[in-house]
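Participant: What shape does this take:
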Amino acid sequence: MHTLHIYQASAFHQVSDLDAISTYLDGGEALIWLDLEAPDDHEVAILQQEFSFHPLAIEDAVREHERPKIERHSGYYLLIFYSAAYAGDSRSLQQRLDNQVRDDPDHGEPQIDLRQLSIFVGRSFIVTIHRRPVHQVAETMARWQLPSMPLGHSVSGILHSLLDAIVDDYFTLMDQVIDWIEDLEDLIFSGEREGSVEEIFGLKKDLLLLRRVVAPERDVLNVLLRQETPIFKPGELVYMQDVYDHLVRVTDNIDTYRELLSSALDSYLSLQSNQLNQLVKILTLASIILMSASLIAGIYGMNFAHMPELAWLWGYPFALGLMLSIGIGLGLFFKSRKWW
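Facilitator: Numbers count the residues shown, from 1 in each chain. Down below sits the predicted model:
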């Protein structure tokens, strides 16, 4: 599916015929934005036929799971960026930890949905390619046709608005992640810890996946901020610097949240260890009390012919009373030492 917008003579036109692209390019007065979603073979062929893109650049742009990067070619740049959104269950964390949710076959899948966006940028054109819908593209395309674009109806204005929308949505994702972390901490310290470890490791894995995308995107913006990159005019670089600063904040947030998850895991393990120690202590004290009773039983269970208490009328009640007294005495002693 494709969408082709032409900005010419202060007017916007939507064109359906892709073969007309070269006509607008040759005129030199039009600004072209072609958006391809899940492009077919014909639409991919148009990229080389109308724009003369290098086959290797087209291959990288169409293929998924490419690393974020920027490549300079003759007359254009290729950028690969990623949009990110929360794709997890909208129910509460407690509901996710219920048996029905944890037995779901989708449980354990990444909660962060990354969608690759490939961008060709030239002097008078911009081409966006993505396999799945990227809502920032549609939003930027609608904003581009408004008179309030920060950098005007230019290639630099489109690119800035598009990257700014993608990076701003990272903050929305970060807000959702910190909510999950706070819920996890509450569950851990409330005693309802079943399934918490799986959630902690799942979130850490998702954040690592996001960081592997965000870190190289900072390098992409670094290249765009250099003076030798002719996409932005010197006065426009301040806008891209703002996007870069936001991306740095996202990276810092990811590192902070991973540390919080590590702390939550340490707290979980400490609580589990403390609970186990309490159980071992109770069993140990109970064993000591039972051992004292076993000592009395062992003494009177010895196979000797002459044991005075064996012939005593009150010998049996005396032995039981002695066992009970020693047990109560040990219990009171443990209580006084606050061991119980």
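Participant: Could you use CA atoms for every contact and neighbour count after this?
Facilitator: Fine.
Participant: tell me the secondary structure for the nearest residue to residue 12 once chain neighbours are set aside?
Facilitator: Closest residue to residue 12 apart from its sequence neighbours, by CA to CA, 6 or more residues apart in numbering: residue 6 at 5.6 Å. At residue 6, secondary structure determined by DSSP: H, G, I helix; E, B strand; the rest coil is strand.
Participant: For residue 6, give me its contacts.
Facilitator: By CA atoms under 8 Å, 6 or more residues apart in numbering, the contact list for residue 6 reads 12, 13, 14, 15, 30, 31, 32, 33.
Participant: would you list every one of the helices in the chain?
Facilitator: Using DSSP state H, the helices of the chain run over 21-27, 41-51, 55-62, 93-96, 99-102, 135-144, 155-190, 196-225, 237-300, 315-336.
Participant: weakest of those helices in terms of mean pLDDT?
Facilitator: Here the lowest mean pLDDT among these goes to helix 99-102, at a mean of 46.
Participant: what's the closest of the helices of the chain to residue 70?
Facilitator: helix 196-225 (5.6 Å; CA to CA).
Participant: So which elements touch that closest one?
Facilitator: Contacts defined by 3 or more CA pairs under 8 Å, 6 or more residues apart in numbering; DSSP states H and E place helix 196-225 against strand 69-73, strand 76-86, strand 112-122, helix 155-190, helix 237-300.
Participant: what's the closest of the ones you listed to residue 211?
Facilitator: From those, taking CA to CA, the stretch that ends up closest is helix 237-300, at 6.7 Å.
Participant: Show me what that closest one is packed against.
Facilitator: helix 155-190, helix 196-225, helix 315-336.
Participant: between the ones you listed, which gets nearest to residue 78?
Facilitator: Nearest to residue 78, of the helices and strands packed on helix 237-300 and by CA to CA, is helix 196-225 at 10.3 Å.
Participant: How far off centre is the closest one?
Facilitator: 7 Å (CA atoms, centre = their mean, to the nearest Å).
Participant: Over to stretch 66-73?
Facilitator: Worked out by CA atoms, centre = their mean, stretch 66-73 lies 23 Å from the chain centre.
Participant: For residue 231, give me the pLDDT.
Facilitator: Residue 231 is given a pLDDT of 79.
Participant: now the residue nearest to residue 232 when sequence neighbours are not counted: how far from residue 164?
Facilitator: Excluding its sequence neighbours, the residue lying closest to residue 232 (CA to CA, 6+ apart) is residue 156, at 5.7 Å. In this structure, residue 156 and residue 164 are 12 Å apart, going by CA to CA, to the nearest Å.
Participant: Give me the more crowded residue out of those two.
Facilitator: More neighbours surround residue 156 than the other of residue 156 and residue 164, with 24 against 20 (other CA atoms under 10 Å).
Participant: So that one is in contact with residue 235, correct?
Facilitator: No. Contact criterion CA atoms under 8 Å: residue 156 and residue 235 do not qualify, at 11.4 Å.
Participant: Nearest to residue 113, out of the helices of the chain?
Facilitator: helix 196-225 (9.3 Å).
Participant: Flag every buried residue along the closest one.
Facilitator: Within helix 196-225, the residues scored as buried using 16 or more other CA atoms under 10 Å are 196-197, 199-207, 210-211, 213-214, 216-218, 220-221, 224-225.
Participant: before we move on, back to that, the helices and strands packed on helix 237-300 into CSV, with extra columns for distance to residue 143?
Facilitator: Shown next, in CSV, are the helices and strands packed on helix 237-300 (distance: least, CA to CA, whole Å):
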stretch, distance to residue 143
helix 155-190, 8
helix 196-225, 22
helix 315-336, 73
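Participant: quick one: which of the ones you listed is nearest residue 111?
Facilitator: helix 196-225 (6.6 Å).
Participant: okay, the angle between that closest one and helix 237-300?
Facilitator: 160 degrees (axes from the mean of the first three to the mean of the last three CA atoms, to 10 degrees).
Participant: Helix 196-225 vs helix 155-190, what angle?
Facilitator: 160 degrees.
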